[in-house]
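> Take a look and give me a structure for this.
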Amino acid sequence: MANEKILDVSYPGITSWQWHATLFSILGNDENARKWIFSNYIQLRCYTINEIFTGDDMLFTDMMPGSSSLKECPYLIFSLLTKEQVESYCGNIIDFVIKTIDLNGYVYGVFDEAKILSDSDIDVDYKFPHELFIYGYNIEKEIFYVGDFTFGEHYTYSTVSFSDVERGYEVINAADDHMFKDDYKGTRGLYVILKNNETTYYDVDITLIKNTLREYLNCEDTKDHFRMMRNRFTDTIFGINVYDKVIEQIDKQLHAEEPDFDIRSLHLVYDHKVLMLERIKYLMANDYLPFSQALVDEYKTVVDNAETARNLLVRISITEEIDRADRFAKYLTDAKETEIKVLTEVLKQLEAREEE
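A predicted model of the protein is given here:
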């Protein structure tokens, strides 16, 4: 056993949710993985849920695939281990994580980060269950190397002590493990993820790109393709209509008796535009689309408007200048109109290429 081992990571270009940040941390700019990435992450969806910490209404917005991406990506080997299996195999969480990393496996799971953030001598009276991504260890310093949103103002690579990881793991029960219990029938546990990108298992899927672009522009119910996996929510909004729902939700939050500065939906929308722009440039660079600087520049305005809207909410959260909130609708409406125009042209060109 080495004194220290740190698996490869690269700071993710997409950080809106922990599952996206984890996948992009592991795969970075790997060329094989890009073929899968740029064939996916086109459709948007949103629906209202109860925020797990406050109980308030929260507009949950995500790309597709969402949290399932870690399991579905062909360049990751994904294993599920229940808490009982972890304890049976290794006796304790610290040894399990170290042995997993020694075998080049990343660890991903829900930990109580209230325990991690608090002084070890103080027993906090609340829990903050959150996904933690662990990619390395140092035995001499008794630390794990982790990726997370909680320990900085944005997604950050940092360190957490062995004892804090152990405390954060032990107090989580199945009801707290919002990630594992929803997918795996009320149980709790950990995910082990190995990189598997030496061989091409997936090529660029132009048919999937075209079909999903069409569903995105037409606001079609992409999730209906997956009814065999689980029952459906009834209030999900898809595609370009997500813009309108985000505008509506922000207006509702900012004009509430106690304004709520929740930027998560806006940041997800911004990440979606960043990735879409990179997809367009990738398709052009690899001759799936004819090169057009004008088209790239036009879509860049979509990215800029989404970023400006997100940054405006951050500013309002600091200054509390609620009167600026009416600008959101303009930034996002302009982004929506331009995106429809550009992606309609992209779809048209992809269809024309197939007919040649």
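> worst-scoring helix or strand of this structure, pLDDT-wise?
helix 178-183 (a mean of 60; mean pLDDT, DSSP states H and E).
> And the next helix or strand past that helix?
Next helix or strand after helix 178-183 toward the C-terminus (DSSP states H and E): strand 189-195.
> CA-only coordinates of that next one, as CSV, when you get a sec.
The C-alpha trace of strand 189-195 is given here as CSV (Å, rounded to 0.1, in the frame of the first residue of the first chain):
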residue,chain,number,x,y,z
GLY,A,189,-24.4,2.5,0.0
LEU,A,190,-21.6,3.7,-2.2
TYR,A,191,-20.7,3.7,-5.8
VAL,A,192,-17.3,2.6,-7.1
ILE,A,193,-16.3,4.1,-10.5
LEU,A,194,-13.4,3.0,-12.7
LYS,A,195,-12.3,4.7,-15.9
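> Are there helices or strands packed against the helix or strand following it, and which ones?
Once strand 189-195 ends, the next helix or strand along the chain (criterion: DSSP H and E) is helix 206-218. Helix 206-218 sits against helix 327-355, with contacts defined as 3 or more CB pairs under 8 Å, 6 or more residues apart in numbering; DSSP states H and E. In this view, the C-beta of every residue, glycine as well, is placed from N, C-alpha and C.
> by contact count, what packs against the helix it packs on?
Short answer (3+ CB pairs under 8 Å, 6+ apart): helix 327-355 packs on helix 206-218, helix 242-254, helix 264-285, helix 293-319.
> cutoff 6 Å now
Helices and strands touching helix 327-355, as assessed by 3 or more CB pairs under 6 Å, 6 or more residues apart in numbering; DSSP states H and E, comprise helix 206-218, helix 242-254, helix 293-319.
> For Tyr106, find the nearest of those.
Each of the helices and strands packed on helix 327-355 has some distance to Tyr106 by CB to CB; the shortest is helix 206-218, at 26.7 Å.
> Provide the contact partners of the closest one at residue level.
By CB atoms under 6 Å, 6 or more residues apart in numbering, the surrounding residues in contact with helix 206-218 are Ser39, Ile42, Gln43, Thr222, Gly239, Leu343, Leu347, Leu350.
> next one: stretch 284-298
Outside stretch 284-298, the residues within contact range by CB under 6 Å, 6+ apart are Leu283, Val342, Gln349.
> which residues does Thr159 contact?
Per CB under 6 Å, 6+ apart, neighbours of Thr159: Ile143, Tyr145.
> Surely it is in a strand?
Yes: secondary structure of Thr159 (DSSP: H, G, I helix; E, B strand; the rest coil): part of a strand.
> any idea how far Val146 is from it?
Distance of Thr159 to Val146, computed by CB to CB, to the nearest Å: 7 Å.
> same check, this time on Leu194
According to CB to CB, Leu194 stands 18 Å off from Val146.
> more neighbours, those two?
Legend: neighbour count by other CB atoms under 10 Å for Leu194 and Val146, higher for Val146 (21 against 16).
> Across the sheet, point out what pairs with the more buried one.
Ile134, Ser158 (DSSP bridges).
> ok, now which ones touch it?
Leu132, Ile134, Val160 are the contacts of Val146 under CB under 6 Å, 6+ apart.
> ok, and the most crowded of those?
For these, neighbours were counted using other CB under 10 Å, and Leu132 has the most, 26 neighbours in all.
> so what pLDDT did Met229 get?
Listed pLDDT for Met229 reads 63.
> And the strands in the stretch 1-150 of the chain, which stretches?
Listed in chain order, the strands of the stretch 1-150 of the chain (DSSP state E, counting those that start in this stretch) span 4-6, 44-50, 57-63, 76-82, 105-112, 129-138, 143-148.
> Report the angle between the last one and strand 105-112.
Going back to what we said before, that points to strand 143-148. Counting by axes from the mean of the first three to the mean of the last three CA atoms, to 10 degrees, strand 143-148 lies at 70 degrees to strand 105-112.
> pLDDT of stretch 29-47, averaged?
For stretch 29-47, the mean confidence score works out to 94.
> Next, the buried residues of it.
30, 32-47 (16 or more other CB atoms under 10 Å).
> Over to stretch 142-151?
For stretch 142-151, by 16+ other CB under 10 Å, it's Ile143, Phe144, Tyr145, Val146, Gly147, Asp148, Phe149, Thr150, Phe151.
> Tell me who's in contact with the second one.
This points to Phe144. Ile134, Tyr137, Val160, Val165.
> Out of the buried residues of stretch 29-47, list just those in helices.
Asn32, Ala33, Arg34, Lys35, Trp36, Ile37 (DSSP state H).
> pLDDT weak spots in the stretch 1-150 of the chain?
The model of the stretch 1-150 of the chain has pLDDT under 70 over residues 1, 50-56, 113-128.
> Try it again at 80.
Where the stretch 1-150 of the chain drops to pLDDT under 80, the residues are 1-2, 49-57, 113-130, 150.
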